[in-house]
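Chemist: Predicted coordinates and the sequence they were generated for:
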Amino acid sequence: MHPKLAIIAALPREVAALVRGVPPHATFQERGILLYQLPNAIIVAGGMGGLRATLAFEAARAMAPIEHVISAGLAGAVVVEERTGERFEVITSPDPHVLVSSGAIADVKEKNRLAETYGAAMVDMEAATIARLSVAHGVTFRAIKAISDGHEFEMPSLSLFADHNGHFRTGAFAMHTALRPQQWGKAIELGNASKHALTKLHEALRQAMAESAA
């Protein structure tokens, strides 16, 4: 029996705890897509941005008759495409938020602009693309987003380390930061916040997978 749930993330670490011990599907690795087939879910780390989210969505649908998609990261009741202003209604939550999908990693100035323009509580780069594709293919959609950096957090160098497949070059970022002591504090803050956020994200995704399998 094929799984009907797809969980689509940008980066491998966002789903690492869910797929530990499971090898990625060889078919998609040449395109920089890490796809894992579990009994109750297709899990994909496809890279950052709308184009990579599209490729990840297509890969998931190629593997199974998907009926429900989760864009991995905090639950949002409305997803907004920053480039066009398009809005997508998604599965509601008790505490709805607005999630805006930007075309690049947002700095403090951009986060504030999106908050003022759209009432955004959070910003990502992929959810609106996944929402649009879900609507087009008649599958349900929700977003579960873990927040690793707040609206006042600023580390401009982050945007320099995406590779051509939309994956974050962790080693290059670590080397860059190691040579700049003035950034050490920010890097430690981001690392600690990311670790906590990912723990919460994985808990929420495991619960969603269990509910889908029930």
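Modeler: Thanks, I have the structure now.

Chemist: Poorly predicted segments of the chain, please.
Modeler: Applying pLDDT under 70 to the chain flags the ranges 1, 73-78, 89-96, 149-159.

Chemist: can you give me the helices in it?
Modeler: Secondary structure of the chain, counting by DSSP state H: helices at 26-29, 50-63, 108-118, 127-136, 170-178, 184-213.

Chemist: got these as JSON lines, with mean neighbour count columns?
Modeler: Every C-beta, even on glycine, is put in place using the N, C-alpha and C of the backbone. JSON lines is the format used below for those (neighbours: other Cβ atoms under 10 Å):
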{"stretch": "helix 26-29", "mean neighbour count": "13"}
{"stretch": "helix 50-63", "mean neighbour count": "21"}
{"stretch": "helix 108-118", "mean neighbour count": "15"}
{"stretch": "helix 127-136", "mean neighbour count": "23"}
{"stretch": "helix 170-178", "mean neighbour count": "13"}
{"stretch": "helix 184-213", "mean neighbour count": "15"}
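
Chemist: Which one of those helices lies nearest to Ala146?
Modeler: helix 184-213 (3.6 Å; Cβ to Cβ).

Chemist: partners of the spatially most central residue of the chain in the sheet?
Modeler: With distances taken as Cα atoms, centre = their mean, the residue of the chain nearest its centroid is Ala9 (4.0 Å). Beta bridges link Ala9 to Ala45, judged by DSSP bridges.

Chemist: is it true that it touches Gly47?
Modeler: No: Ala9 lies out of contact with Gly47 (Cβ atoms under 8 Å); the separation is 9.5 Å.

Chemist: ok, Asn40 to Thr54 distance?
Modeler: 24 Å (Cβ to Cβ, to the nearest Å).

Chemist: ugh, wrong one, Glu189
Modeler: Distance, Glu189 to Thr54, by Cβ to Cβ: 32 Å.

Chemist: Leu55 reaches Leu34, doesn't it?
Modeler: No: look at Leu55 against Leu34 with Cβ under 8 Å: they stay out of range, at 11.5 Å.

Chemist: Show me whatever sits in contact with both of those two.
Modeler: Residues touching both Leu55 and Leu34 (Cβ atoms under 8 Å, 6 or more residues apart in numbering): Gly46.

Chemist: so Ala162 makes contact with Met48?
Modeler: Yes: between Ala162 and Met48 there is a contact at 5.7 Å, judged by Cβ under 8 Å.
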